[in-house]
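Colleague: just the structure for this:
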Amino acid sequence: MWRLGSVACAAAFGLWAVLGAVQVAAQAVTPEGKPAQLAVIPVPVLELSLALKVGEVMEVLREEGMASGADLASDLPRGAEDPLWSAALSRIYDPAHMEAIFNQSFAQSLAGQGETVEAATAFFASPIGERALSLELAARMALQDEAVEAAAERAYADLAEANPERQAMIDMFVSANDLVESNVMGALNANLSFLRGLADSGVEEFALPEAEVRDEMVGWVFPFLTLAYQPLSDADLQAYIAFSKTPAGQRVNAAMFQAYDALFDEISHDLGRAFGLALQGDDI
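Modeller: Numbers count the residues shown, from 1 in each chain. As a prediction, this is how the structure comes out:
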């Protein structure tokens, strides 16, 4: 289950052991290389994170973030070749740090919910769940190509006539997982964190209309899912929808949103501060 994450946020800114008994103590490290707060993450949650391909997701988010950051560099006094900006992006979008932040929040949200974690791991490690997540990853990478994104938009629009039942299933999946409203909320929160980062750097803040964020979400999520799930049979997609509607599916979905929100709040603040300093020609 994907979240829009850094791409949507950048566009919105206009810038840019014995299982069940053993616990793993993970020492997160900040992008600056400083030790972060020690997190104790239960092994079952780590197994769920692995089934959800979170580590692979973070690699894709890094690619997207670095690409968006490179685009932003054209507005900087030092230009696209600014080594300090490139170094800042590399720190901010460090996959290991991003995964640690996600897993810490994910574990906190799922504390005491062993049955939920077990049910979700069973589904996402199953052939249907694993294939759906692999397709999501492939589609996310493919959508970095503007031509593919345009084709996906046309494909979703064409479903209304070509296969309305399939379009209804895509719409049902979006609704079951609250992919528009929760992403809008997450993007607005991330935008606020970006503004706070800008303010920390001394740059004047600006505002972003909620309607613009909502349009961005709607215009992205439906074509993305149409592209991602095209190889899935109706039966497999219906199974995914059915799991999403279960109590375990709903709780894990909410925990994922909270974890991604925690991640993108940190990224957005750090990105805003770094961009503001670079915009003023200061060292980052």
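Colleague: what is the neighbour count of the closest residue in space to residue 80 that isn't next to it in sequence?
Modeller: Using CB to CB, 6 or more residues apart in numbering and skipping the chain neighbours, the partner closest in space to residue 80 is residue 73 (4.3 Å). To be clear about C-beta, it is placed using only N, CA and C from the backbone, and glycine gets the same treatment. Per other CB atoms under 10 Å, the neighbour tally for residue 73 reads 19.
Colleague: any idea how far residue 73 is from residue 66?
Modeller: Residue 73 sits 11 Å away from residue 66 when distances are taken as CB to CB, to the nearest Å.
Colleague: residue 180 now?
Modeller: 27 Å.
Colleague: ok so, going back, just checking, the residue nearest to residue 80 touches residue 83?
Modeller: No - checked against CB atoms under 8 Å, the pair residue 73 and residue 83 is beyond contact range at 10.7 Å.
Colleague: residue 162: neighbour count?
Modeller: Residue 162, neighbours per other CB under 10 Å, totals 10.
Colleague: and if you look at residue 111?
Modeller: Neighbour tally, residue 111, other CB under 10 Å: 11.
Colleague: ok, now how distant is the closest residue to residue 85 other than its chain neighbours from residue 217?
Modeller: Nearest residue to residue 85, sequence neighbours excluded (CB to CB, 6+ apart): residue 278, at 4.9 Å. When distance is defined by CB to CB, residue 278 is 28 Å away from residue 217.
Colleague: same thing with residue 189?
Modeller: 13 Å.
Colleague: pick out whichever of these two has more residues nearby.
Modeller: Per other CB under 10 Å, whichever of residue 189 and residue 217 has more neighbours is residue 217, with 23 against 16.
Colleague: thought the more buried one was touching residue 183?
Modeller: Yes - Residue 217 is within contact range of residue 183, at 4.8 Å (criterion: CB under 8 Å).
Colleague: how about the helices in the stretch 101-250 of the chain?
Modeller: 114-124, 127-142, 146-162, 164-176, 181-201, 210-228, 234-245, 247-279 (DSSP state H, counting those that start in this stretch).
Colleague: got those as JSON lines, with distance to residue 52 and mean pLDDT columns?
Modeller: Below are the helices of the stretch 101-250 of the chain laid out as JSON lines (distance: least, CB to CB, whole Å; pLDDT from 0 to 100):
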{"stretch": "helix 114-124", "distance to residue 52": "6", "mean pLDDT": "98"}
{"stretch": "helix 127-142", "distance to residue 52": "7", "mean pLDDT": "97"}
{"stretch": "helix 146-162", "distance to residue 52": "23", "mean pLDDT": "96"}
{"stretch": "helix 164-176", "distance to residue 52": "16", "mean pLDDT": "97"}
{"stretch": "helix 181-201", "distance to residue 52": "16", "mean pLDDT": "90"}
{"stretch": "helix 210-228", "distance to residue 52": "15", "mean pLDDT": "92"}
{"stretch": "helix 234-245", "distance to residue 52": "13", "mean pLDDT": "98"}
{"stretch": "helix 247-279", "distance to residue 52": "8", "mean pLDDT": "95"}
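Colleague: distance to residue 47 added to those helices, as TSV?
Modeller: Shown next, in TSV, are the helices of the stretch 101-250 of the chain (distance: least, CB to CB, whole Å):
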stretch	distance to residue 47
helix 114-124	6
helix 127-142	13
helix 146-162	32
helix 164-176	24
helix 181-201	24
helix 210-228	24
helix 234-245	17
helix 247-279	13
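Colleague: those: which one's closest to residue 107?
Modeller: With respect to residue 107, and counting by CB to CB, the nearest of the helices of the stretch 101-250 of the chain is helix 247-279 at 8.7 Å.
Colleague: follow-up on the earlier one: overlap in contacts, residue 189 and residue 217.
Modeller: Shared contacts of residue 189 and residue 217, defined by CB atoms under 8 Å, 6 or more residues apart in numbering, are absent.
Colleague: secondary structure class of residue 40, three-state.
Modeller: At residue 40 the chain is in strand, as set by DSSP: H, G, I helix; E, B strand; the rest coil.
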